[in-house]
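Participant: Coordinates for the following, if possible.
(2 chains)
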Amino acid sequence: DAGVTQSPTHLIKTRGQQVTLRCSPKSGHDTVSWYQQALGQGPQFIFQYYEEEERQRGNFPDRFSGHQFPNYSSELNVNALLLGDSALYLCASTQQGYEQYFGPGTRLTVT
Amino acid sequence: EDQVTQSPEALRLQEGESSSLNCSYTVSGLRGLFWYRQDPGKGPEFLFTLYSAGEEKEKERLKATLTKKESFLHITAPKPEDSATYLCATPETGGSQGNLIFGKGTKLSVKP
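Facilitator: Next up is the predicted model:
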């Protein structure tokens, strides 16, 4: 049973560019959440997708957007990248009301 | 304001030296207290969920307990492979179950 998968593993971008990160949830899970984790900090909630709609959003600017596909996979898009967007981006999946399982993350470096 | 605070920030133990990690939380109506283990550069690995005061769960050398204001992760006779950052989290008040507030974590180092 495959767990949560994310791609790519690492990414280097330049300020002002745009980036798309991808996530496939654990088998049987229908809800995907995205988190940003800066070095030495706990993960911070970005948003959650369920039934292809953004269900809840954390305190992140509109530069952060997402999408969920009919097969429950999801994308995180970040526009106009800033140096401060450098972080580990984590995807977590769950079946409604149960524990979240995290993927390995995508390390984004903005130069 | 919802808050999750973990202490200590870092903990160094000798192999076999038992200790406890603390997670204090402030939310209106607890809907689960989650413990995760995170290795460097990797995603958090789910360990336990606790839902009510007095509840305890165990897995190998780890035992998690919950009171009305805090949770403890007890590590008995730790081994070097237990070295990792341990995170606790709980759903934000009024948020969905997937909107977790995390503490900053406790970085545990176990020396042989």
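
Participant: Over in chain A, which residue gets nearest chain B? Let me know.
Facilitator: At 3.1 Å from chain B, A:Gly42 is the closest residue in chain A, using C-beta to the nearest C-beta. No exception for glycine: its C-beta is placed from N, CA and C like everyone else's.

Participant: List the residues that contact the nearest residue to that residue once chain neighbours are set aside.
Facilitator: Leaving aside its chain neighbours, A:Gly42 sits nearest to B:Phe102 (3.1 Å; criterion: C-beta to C-beta, 6 or more residues apart in numbering or on different chains). By C-beta atoms under 8 Å, 6 or more residues apart in numbering or on different chains, B:Phe102 lies in contact with A:Gly42, A:Pro43, A:Gln44, B:Val4, B:Leu87, B:Cys88, B:Ala89.

Participant: distance of the first one from A:Tyr72?
Facilitator: Distance check for A:Gly42 against A:Tyr72: by C-beta to C-beta, to the nearest Å, it reads 25 Å.

Participant: Check the fifth one too.
Facilitator: Distance check for B:Leu87 against A:Tyr72: by C-beta to C-beta, it reads 25 Å.

Participant: So these two - more neighbours on which side?
Facilitator: Counted by other C-beta atoms under 10 Å in any protein chain shown, B:Leu87 and A:Tyr72 do not tie: B:Leu87 has more neighbours, with 25 against 21.
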